[in-house]
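> Predicted model, plus sequence, below.
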Amino acid sequence: MATLTAFWSSGSPSTAGTRTRLVGRNRLWVIQVLVLMLFLTLLGRLWYLQVDSGADYQAKAADQSIREVVVQPARGLIVDDMGRPLVANRTSWVVTVDRTLLNRLDETQQDKLLRRIGKAVKQRPKVIRQRLVLCGQPGSVSGTCWNGSPYQPVPIAKDIRQRTALAIMEQNEDYPSVIVERQNVRAYPSPFGINAAHVLGYLSPITKDELDRAEAKGDESVHGASVVGRAGLEKEYDAYLRGFPGYKNVAVDSMGRVLGDSGEVKGKVGDTLVTSLDARVQSVVEQQLQQMIQVARGTMDPVTGRRYAADSGAAVVMEAKTGRVVAMASQPTYDPDVWTDGISSKQLERLYSTDAGTPLLSRATQGQFAPGSTWKPFMTIGALQNGYSQSTSLPCSSSFQVGNRPFKNFESGSYGNIGFQKALEVSCNTFFYRVGFNFWQKYGSDVADVNAKDPLVEIAKTFGFGKRTGIDVPGETTGRIADRRWKRAYYDSMKDYYCRIGKKPGYDFLHRFAREFCVEGYAYRAGDAVNFAIGQGDTAVTPIQLARGYAAISNGGTLFEPRVAKAIVGPDGKVVREIPPEVQAKVKISKSDLDFVRTGLSWVASEPHGTMNWRLQGFPLDKVHLHCKTGSAEVTGKQTTSWVACFDKEYVTVMMISQAGTGSGASGPGIRKIWEALYGIEGDKVRKRDAAIPGTKPPATLPVFARDGSILPPATRHHRAHPRAHRRATHAEGES
């Protein structure tokens, strides 16, 4: 050992070199081992990532490149009683932008992309950017901003040309975050040129609050990109019409460029709503209402010396036996298609504009107007039930004095002593003034007694006036019964306002009225009572209320809740739900009194002095037995409102034109044309085969959905449907 140690310790050059080489080899071996271990570690990690955990990471990578897009289902049709589509769907090329993917681009890339899109779809980049801003965020513009889900692609252009759509799709590398596809949008076929905007309603995107409420209820039929009904039948039956959404997975790359679809879960087509509307009748009603308004605007008002304003109007045709609505029109109206592509602020402003006549307001269900003399049949029934008899005779003088004020007959006509039927025929105001005054003297001469009995007010409420009819068109107003309670409530709410005005100097009507109102505006005086008896003063009704009231006189006293919908039919053609007529109340009145009133109303149409007779010359009243009442309601500061109501056993028709003149003068010709269409009347001939509704009666059955997807009309005696109509059929999915 000592020798060996000495050997290594010697300073021989040869031994030192050997020692150096051995150390170098050892170091190289260590490095090689370390390198080998590093490669083994990398290989192990690679095996772990690609083999052991490869499936998980592949799924995560795929998840990052797949965007789930909600597919809006085809909304259900709305059809008339013969199966004619009133609201349908059409396909449209739609350009949408995914906000999440767009936000991955820097500001310069976004501006460049928006300019490119704008050039393609002919929109300013500024407008496109406004469409992408969430409503409620800074910079959002009402009517333009996006109020759907922030994660749903935002539609920025609809109804683009197919050539443009294909060009964007073929150059998708230039349009990151942009998706182009065909979508269903609402269409309005307008059979016979009808509008019916106020009845059908419109759609708009769901709001965040609505979406939150739906999610809280577990309602999965709506989502961030849903459109929902906002008015009319679209709103009332939205839950049936909307269907159930589907989902589509869209593959995108890291820049948000669409690579293609990777699967779709189909949704459920919405149900079809079958209505009692008849497109042919609706067309006639709309045309006549518009035409009568135009004629009135060209007619001179003898009272004011200027042409009639004829600023609005409404018309209703109702089935007398069921309360179903056959037609309902309102003027001014609007194009329902204005909502399809997203309404602009300017368009929305016009719909609410008073200068434009507030087109969004339905005068048939939301307009409140003094009924004038169309009120008198109900007052007659109230009188007959409270002490007056069918043999009662009262003076029809040219005027009736109440205190220091004379209440005049219209045009100061005088007929001597007459009964109720004659008073209805000639529409004698002073006859009904006396009835109203007598009840006021008997029960309510204490002007401050809000609980005083008033038979005429009671009968008006019994016929449903002063409250909603329950029609299945949302937004209906109540009308107004201006009785003692209403006058006291109005006084309490307005006293301070008018007392402030009354203290100011001035002798015009407003200041004089304010001073009087401040002192005794609560008092229900004789003048209020006599005005109420002829449908004047503060009492107001809607045209649908008046039509429902006359239907009750026709059918024996039954007040129906008016219905537009008849049934819900599923995509497979099976009836999901029938919507039968619903009775709201029954008026207790003897058959004798009803017949008595009906006779008086028939004289209005048939007798020489009848106020509607001059408009029905040559009309076959012996075959179509009309009962009518005209009305000319005077409103302070405005021109006279025209009313005509007529009925037979099947139908009730009502037309009202605000500031248009007398009842028969302004509305009479239009009402006649509607009845001629209902029964196929030409001259004095009734040609049922030419009637707007086959057989002249509303169809008792529903349209049938055939196997090929077409809708067949109900079989009638005059109109036999195809034999397939009698088999249960499948509704083609694409038809909706």
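Everything's here; your move.
> What distance do you get for residue 85 to residue 677?
Computed as Cβ to Cβ, to the nearest Å, the residue 85 to residue 677 distance reads 21 Å. (Each C-beta comes from the backbone N, C-alpha and C, glycine too.)
> where do the helices sit along the stretch 251-400 of the chain?
Assigned by DSSP state H, counting those that start in this stretch, the helices in the stretch 251-400 of the chain fall at 279-297, 345-352, 376-384.
> and those, which is most packed in?
Burial of the helices of the stretch 251-400 of the chain is given as mean neighbour count (mean count of other Cβ atoms under 10 Å); helix 376-384 ranks first at a mean of 25.
> So if I had to pick from residue 85 and residue 677, which one is more boxed in?
residue 677 (23 against 20; other Cβ atoms under 10 Å).
> so what's that one up against?
Shown in contact with residue 677 (Cβ atoms under 8 Å, 6 or more residues apart in numbering): 280, 281, 284, 691, 692.
> same thing with residue 457?
Going by Cβ under 8 Å, 6+ apart, the list of residues near residue 457 reads 481, 483, 484, 532.
> which regions of the stretch 351-500 of the chain lie under the pLDDT threshold?
Scanning the stretch 351-500 of the chain for pLDDT under 70 picks out 411-412.
> Quick one: closest of the helices of the stretch 251-400 of the chain to residue 108.
For those, the distance to residue 108 is smallest for helix 345-352, at 29.8 Å, taking Cβ to Cβ.
> Longest strand in this structure, please.
Using DSSP state E, we find that the single longest strand of the chain is strand 85-97.
> report the angle between the axes of that one and helix 279-297?
Per axes from the mean of the first three to the mean of the last three Cα atoms, to 10 degrees, the angle that strand 85-97 makes with helix 279-297 is 90 degrees.
> pull the CA atoms of strand 85-97 into PDB?
The C-alpha atoms that make up strand 85-97 are tabulated as PDB, following Å, rounded to 0.1, in the frame of the first residue of the first chain:
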ATOM      1  CA  PRO A  85    -101.600  32.300 -43.000                       C
ATOM      2  CA  LEU A  86    -101.700  35.700 -41.400                       C
ATOM      3  CA  VAL A  87     -98.300  35.400 -39.900                       C
ATOM      4  CA  ALA A  88     -95.700  33.000 -41.200                       C
ATOM      5  CA  ASN A  89     -91.900  32.600 -41.500                       C
ATOM      6  CA  ARG A  90     -89.400  33.100 -44.300                       C
ATOM      7  CA  THR A  91     -85.700  32.400 -44.400                       C
ATOM      8  CA  SER A  92     -83.200  35.200 -44.500                       C
ATOM      9  CA  TRP A  93     -79.400  35.400 -44.800                       C
ATOM     10  CA  VAL A  94     -78.200  36.800 -41.500                       C
ATOM     11  CA  VAL A  95     -74.700  38.100 -40.600                       C
ATOM     12  CA  THR A  96     -73.900  37.700 -36.900                       C
ATOM     13  CA  VAL A  97     -70.800  38.600 -34.900                       C
END
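> which strands and helices sit next to it?
strand 78-79, helix 107-121, strand 154-157, helix 162-170, strand 178-187 (3 or more Cβ pairs under 8 Å, 6 or more residues apart in numbering; DSSP states H and E).
> now do the same end-to-end measure for stretch 457-475.
For stretch 457-475, the first and last residues are 25 Å from each other (Cα to Cα, to the nearest Å).
> And it, what's buried?
Neighbour counts over stretch 457-475 (16 or more other Cβ atoms under 10 Å) mark 457, 459-460, 462-466, 468-473, 475 as buried.
> how about the residue nearest to residue 546 when sequence neighbours are not counted, secondary structure?
Distance criterion Cβ to Cβ, 6 or more residues apart in numbering; nearest residue to residue 546, sequence neighbours excluded, is residue 654 at 5.4 Å. Classification of residue 654 using DSSP: H, G, I helix; E, B strand; the rest coil returns strand.
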